[in-house]
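Novice: can't give you the sequence, but here's the structure:
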């Protein structure tokens, strides 16, 4: 049928007769003439086919191919966009899930770590060791330190610690800055630190054999602390007294015996965390410091977990545990099981501190350090910093990450984004802020877009190949279908020529030159005639519906059109108003009937407009009266208020009419509320009407006084509440007894 409509649109509409036009004489010609006309059309058709224009088969073939190819391309485009969006969403979900998994694992690990430290500080062994080491420390204050001991310690700093520190940090340290500042420090380091060049050897020694009380305590508790360090994986474990002295170190490092208030490490995160921990009022509390380079650990970034050691409700010291960097990196790298986590060749997750420096190791540094160095340098990292990361095989506190995901996460935002990372590579990243035990870090999980969207490219390639195959198949099917479709159309064209030659008798000029054009010639007039008739029927039906709606409500009109004979409805709570014009006859005296009626209609029209605004439903009007209601078709809880406001607005309408025409017409309105009945009255001549006690009383109320105004029954006044301007206007007699009537003074808007 679309082809038939297209052919009709090319026809000349000026030749189409109206339904009332007589049939042209040519259409009632002799049958022989019609047959000759049919032969003429067939000849014209053969001539068009023999000319160079496309026939129906060719046009149909082109159309089918065009529609099929366009449809295939549209479907392919929609499929590509939807598929690409789905694959992108899957990639985003993957990195988002990784981010959440890393956050959960970090919080769990930190929780276990801090719980373990707090539990140990309440352990009797730690409490006893703190007391013992503190007592031994005080005894060492009175024990002199020999020159040999000092020389041994100085040699250890200059020959062991400083060379190792210089090699690890790439700097040049002064051994004098680490010289012990107290006799107990020099004494202990001479026996537990200086004899060893390896910390693993130092932790293995239980007793130096010097007979001191400190050594006795060390011999008693060193096996316990050694087992705790090796079991949990601490880098070191320290005990400090309340004076800031490091009275014990599991590895007996350079910090053994130092003072955190005035010693060489007073500005370290160990000293800061110690002071914060000492301010805690309970041994159940703990302090976690952020990563910071720590000299006794050869300037390796160090994170401390500290908790006060209490005895009988009194803080007697602080225990500090050094958290290894490897613990954080193993969580963030999934123990370097990136592919097992579905991250392919480029996916990773890492931590960034609030100084925008890394707190874990990047994947590429661990797997491809040379390529990592080239990438970060090209992205703006200083060559020396990049080289240093490769040398130490770590990027904590070295690699700066000043990227969009990190910036957004530092603003407290959580989300995903496609942006360049610290290597300058475009990545698909999921970011979130992380606050754990007072640390403010950022977690980023990412994957290179080249890998993340690789399935999209594969999908697009496969889709393109499928589209090519579909187009080839559609082309072959279109060729076959065009031949199949044309045969019945040609048979139908010959039948239409016979109808157009005599049966219908209407000839319409057309620009068609193929079978479809001839088919359109046969159906054009018939369809137009049917359309015109249908339009006339629709217009008549619309006019009838409009007329019905002016006479009755829509629901009543609907029932009337359905064939209901008796239409009536009971309405329980309806506000009824009857208004009439006073003095209009005196004003209209001397006017013609048309002029008088026009003026009345102007007033009723204005009141109808006001009724529409207030939700008032007009029931019927006469030349001098206006019956309306509120709550009839649409129940309203404020129907009385609406009717009163409409009556006051109608008074203003009459006042404007008087001002315009210099008249003294007045409006007198009576209002009541209650049960009414509405419906159609009559059979030959239908009238929509409303009746009941409320209607009768409203009519009688408005006639209680000869002067204009708005008059209401007691029921109406009761519903208005404390409305001002209510004046007693007398009473009327009803079947139920006298009814008090009130005049409502007009309230200015």
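Specialist: Looks like it came in fine. Keep in mind the model is a prediction, meaning the values are calculated, not measured. Numbers count the residues shown, from 1 in each chain.
Novice: so what's the spatially most central residue of the chain bridging to?
Specialist: Centroid check for the chain by C-alpha atoms, centre = their mean gives residue 415 as the closest residue, at 12.5 Å. Going by DSSP bridges, residue 415 is paired in beta bridges with residue 431.
Novice: wait, it sits on residue 431?
Specialist: Yes. With contact defined as C-beta atoms under 8 Å, residue 415 reaches residue 431; the gap is 6.6 Å. Where you see a C-beta, it was placed from the backbone N, CA and C, and this is true even at glycine.
Novice: next, show the common contact partners of these two.
Specialist: Taking C-beta atoms under 8 Å, 6 or more residues apart in numbering as the contact rule, residue 415 and residue 431 both touch residue 408.
Novice: which residues does the residue nearest to the centre of the chain contact?
Specialist: Contacts of residue 415 by C-beta under 8 Å, 6+ apart are 408, 430, 431, 432.
Novice: burial measure for the second one, as a count.
Specialist: By that I understand residue 430. 27 (other C-beta atoms under 10 Å).
Novice: give me the low-pLDDT residue ranges for this protein?
Specialist: Flagging of the chain using pLDDT under 70 yields the residue ranges 1-54, 56-57, 60, 482-534, 546-555, 557, 563-565, 682-689, 747-749.
Novice: mind listing the strands for the stretch 151-300 of the chain?
Specialist: 236-240, 246-249, 287-288, 292-294, 300-311 (DSSP state E, counting those that start in this stretch).
Novice: could you name the helices and strands sitting against the last one?
Specialist: With contacts defined as 3 or more C-beta pairs under 8 Å, 6 or more residues apart in numbering; DSSP states H and E, the packing partners of strand 300-311 are helix 56-121, helix 124-140, helix 269-278, strand 287-288, strand 292-294, strand 314-323, helix 325-332.
Novice: can you point out the buried residues in it?
Specialist: Going by neighbour count (16 or more other C-beta atoms under 10 Å), the buried part of strand 300-311 is 300, 301, 302, 303, 304, 305, 306, 307, 308, 309, 310.
Novice: out of these, the closest to residue 381 would be?
Specialist: Within the buried residues of strand 300-311, distances to residue 381 taken as C-beta to C-beta reach their minimum at residue 301, with 17.3 Å.
Novice: quickly list what the closest one is bridged to.
Specialist: Beta-bridge partners, per DSSP bridges, of residue 301: residue 293.
Novice: and the residue nearest to the centre of the chain, how far from residue 702?
Specialist: 70 Å (C-beta to C-beta, to the nearest Å).
Novice: what's near enough to touch residue 248?
Specialist: 129, 133, 218, 225, 238, 239, 256 are the contacts of residue 248 under C-beta under 8 Å, 6+ apart.
Novice: burial measure for the fifth one, as a count.
Specialist: Looking back up the chat, that one is residue 238. 28.
Novice: heads up, I number from 608, so please use that
Specialist: That works, and once the first residue is 608, the last one we named lands at residue 845.
Novice: residues contacting the closest residue to it other than its chain neighbours?
Specialist: Distances taken as C-beta to C-beta, 6 or more residues apart in numbering put residue 927 closest to residue 845, at 4.4 Å, once the chain neighbours are dropped. Residue 927 is in contact with 844, 845, 846, 847, 877, 880, 881, 884, 911, 912, 913, counting by C-beta under 8 Å, 6+ apart.
Novice: turn those into TSV, including distance to residue 1281.
Specialist: As requested, these are exported to TSV (distance: C-beta to C-beta, whole Å):
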residue	distance to residue 1281
844	92
845	93
846	94
847	92
877	90
880	84
881	88
884	83
911	86
912	83
913	84
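Novice: residue 693: which of those is nearest?
Specialist: The closest of these, once distances to residue 693 are taken by C-beta to C-beta, is residue 912, at 44.2 Å.
Novice: all the helices of the stretch 1108-1257 of the chain, residue numbers only.
Specialist: 1122-1158, 1161-1168, 1191-1195, 1200-1221, 1246-1268 (DSSP state H, counting those that start in this stretch).
Novice: re the thing from before, so can I have JSON lines of the buried residues of strand 907-918 showing distance to residue 990?
Specialist: Listed next are those as JSON lines, based on distance: C-beta to C-beta, whole Å:
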{"residue": "907", "distance to residue 990": "22"}
{"residue": "908", "distance to residue 990": "21"}
{"residue": "909", "distance to residue 990": "26"}
{"residue": "910", "distance to residue 990": "28"}
{"residue": "911", "distance to residue 990": "32"}
{"residue": "912", "distance to residue 990": "35"}
{"residue": "913", "distance to residue 990": "38"}
{"residue": "914", "distance to residue 990": "42"}
{"residue": "915", "distance to residue 990": "45"}
{"residue": "916", "distance to residue 990": "47"}
{"residue": "917", "distance to residue 990": "51"}
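Novice: quick check, nearest of these to residue 982?
Specialist: residue 908 (22.2 Å).
Novice: would you mind confirming that that closest one is in contact with residue 930?
Specialist: No. Contact criterion C-beta under 8 Å: residue 908 and residue 930 do not qualify, at 10.3 Å.
Novice: list the contacts for residue 811?
Specialist: Taking C-beta under 8 Å, 6+ apart, one finds residue 833 in contact with residue 811.
Novice: now it: how far from residue 799?
Specialist: 11 Å.
Novice: identify the residue spatially nearest to residue 1031, adjacent ones excluded.
Specialist: Residue 1031's closest residue in space is residue 986 (C-beta to C-beta, 6+ apart), at 3.4 Å.
Novice: that neighbour: how many residues sit nearby?
Specialist: Other residues close to residue 986 by other C-beta under 10 Å number 17.
Novice: again, but for residue 944
Specialist: The number of residues near residue 944, taken as other C-beta under 10 Å, comes to 10.
Novice: now do the same for it: helix, strand or coil?
Specialist: coil (DSSP: H, G, I helix; E, B strand; the rest coil).
Novice: which one is residue 1034 nearest to, not counting chain neighbours?
Specialist: residue 1053 (4.2 Å).
Novice: in a strand, that neighbour, correct?
Specialist: Yes. Counting by three-state DSSP, residue 1053 is part of a strand.
Novice: I am finished for the moment; much appreciated.
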